[in-house]
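[1] can't give you the sequence, but here's the structure:
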């Protein structure tokens, strides 16, 4: 019975769960201590406390410090304690509250397909170990990338896993197709090696996809970024959180919070270029003296009929040259 099962787990019997290590189920803590007799690292403890409070987190720690497990273990513990799908359907049929939903719950974004495959293999160990210690809900793991066969993609669409490992490009394709319906249940997004995305066009593409994902959800997904080293961490935290605050957790200091990104209020003025450099900055095919980009765009606007306008292709070339 449910009362007996709750009494068997001290964490569950204690009432509301505390965020962090103390809030994990006895099965999760038993497996972890068997696998890592020295116990959790300080970074892991701080990460679990932050993640348990529902905050966005940027975890900065050296390779091999367990930050990937720190990001996953909270989600594994939470999913493992939820009722199985059969129990959820019975509760829904009886008018009870539904304990969960079919669909992807944790989205792991990897910069490399090979890294995603390694993470999938490493996830099997805690999933199998926790299941062997005590009864827990089965948690499925899937991988979708550019190398995923069509048959496997169909299977992932019809039977979405609890944890999906993917890349930014595959996430974009999912969000622009019918597969996005399987992402409406996402609760946690983990971005590994986030320093490889920040400040790049690929990172901009990922940031847009994360905002599109939040638009599908009833509430924004919790975002967790992982990196061995970033500088400056505040800027990477703003990149990760977008409009939401992010708690920075590092191995060399207490957690700090990076607030929402604020646009600079400094007035900007067009730079006055010396005459000796104007010939170098003139775009090819541009007739006339050097002008700032905004002036070039205005000058490239279409003119009235009969003014010699050469059509949209000419205007597009001029605008592109002006903005490059």
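    Great, that's in hand. None of these values were measured; they are calculated from a predicted model. Numbering: from 1, shown residues only.
[2] what's the nearest residue to residue 141 if we skip its chain neighbours?
    residue 163 (4.7 Å; Cβ to Cβ, 6 or more residues apart in numbering). All C-beta spots, glycine's among them, are computed from the backbone N, C-alpha and C.
[3] beta partners of that neighbour?
    residue 106, residue 141 (DSSP bridges).
[4] Could you pull up the contacting residues of it?
    By Cβ atoms under 8 Å, 6 or more residues apart in numbering, residue 163 lies in contact with 72, 75, 104, 105, 106, 108, 123, 139, 140, 141, 142.
[5] Next, count neighbours for the last one.
    When neighbours are counted by other Cβ atoms under 10 Å, residue 142 registers 20.
[6] gap between it and residue 244?
    Distance, residue 142 to residue 244, by Cβ to Cβ, to the nearest Å: 27 Å.
[7] What of the first one?
    Between residue 72 and residue 244 the computed distance is 21 Å (Cβ to Cβ).
[8] More neighbours: which of the two?
    residue 72 (22 against 17).
[9] which ones are touching the more buried one?
    Counting by Cβ under 8 Å, 6+ apart, residue 72 has contacts 106, 108, 123, 126, 163, 190.
[10] helices or strands up against the longest helix anywhere in the chain?
    Identified as the longest helix of the chain according to DSSP state H is helix 113-133. Secondary-structure packing of helix 113-133 (3 or more Cβ pairs under 8 Å, 6 or more residues apart in numbering; DSSP states H and E): helix 26-35, helix 67-80, strand 141-144, strand 163-166.
[11] what's in contact with it?
    With Cβ under 8 Å, 6+ apart as the criterion, helix 113-133 contacts 27-28, 30-32, 34-35, 68-69, 72-73, 76-77, 80, 108, 110, 136, 138-139, 141, 143, 145-147, 163, 165-167, 192-193.
[12] Narrow those residues to those that are buried.
    By neighbour count, with 16 or more other Cβ atoms under 10 Å, the contacts of helix 113-133 hold 27-28, 30-32, 68-69, 72-73, 76-77, 80, 108, 110, 136, 139, 141, 143, 145, 163, 165-167, 192-193 as buried.
[13] pLDDT below threshold where in the stretch 201-324 of the chain?
    For the stretch 201-324 of the chain, the stretches with pLDDT under 70 are 253-256, 258-324.
[14] I'd like to know the beta-bridge partner residues of residue 222.
    With DSSP bridges as the criterion, residue 222 is bridged to residue 188.
[15] which residues in the chain form helices?
    2-8, 10-13, 26-35, 42-52, 67-80, 85-93, 113-133, 150-158, 168-175, 201-216, 233-241, 275-281, 293-299, 312-323.
[16] Could you check the angle the fifth one makes with helix 26-35?
    The one in question is helix 67-80. When axes from the mean of the first three to the mean of the last three Cα atoms, to 10 degrees is applied, the directions of helix 67-80 and helix 26-35 differ by 150 degrees.
[17] what's the spacing between residue 26 and residue 134?
    In terms of Cβ to Cβ, residue 26 sits 7 Å off from residue 134.
[18] swap in residue 190?
    The value you get for residue 190 to residue 134, if Cβ to Cβ is used, is 25 Å.
[19] Show me which of those two is the more surrounded one.
    residue 190 (25 against 16).
[20] so that one touches residue 69, yeah?
    No: with contact defined as Cβ atoms under 8 Å, residue 190 does not reach residue 69; the gap is 11.3 Å.
[21] returning to that earlier point: just the angle for the longest helix of the chain relative to helix 67-80, thanks.
    Using the same axes, to 10 degrees, helix 113-133 lies at 50 degrees relative to helix 67-80.
[22] Okay, buried residues for helix 113-133 please.
    For helix 113-133, a neighbour-count test (16+ other Cβ under 10 Å) marks 113, 116, 119, 120, 123, 126, 127, 129, 130, 131, 133 as buried.
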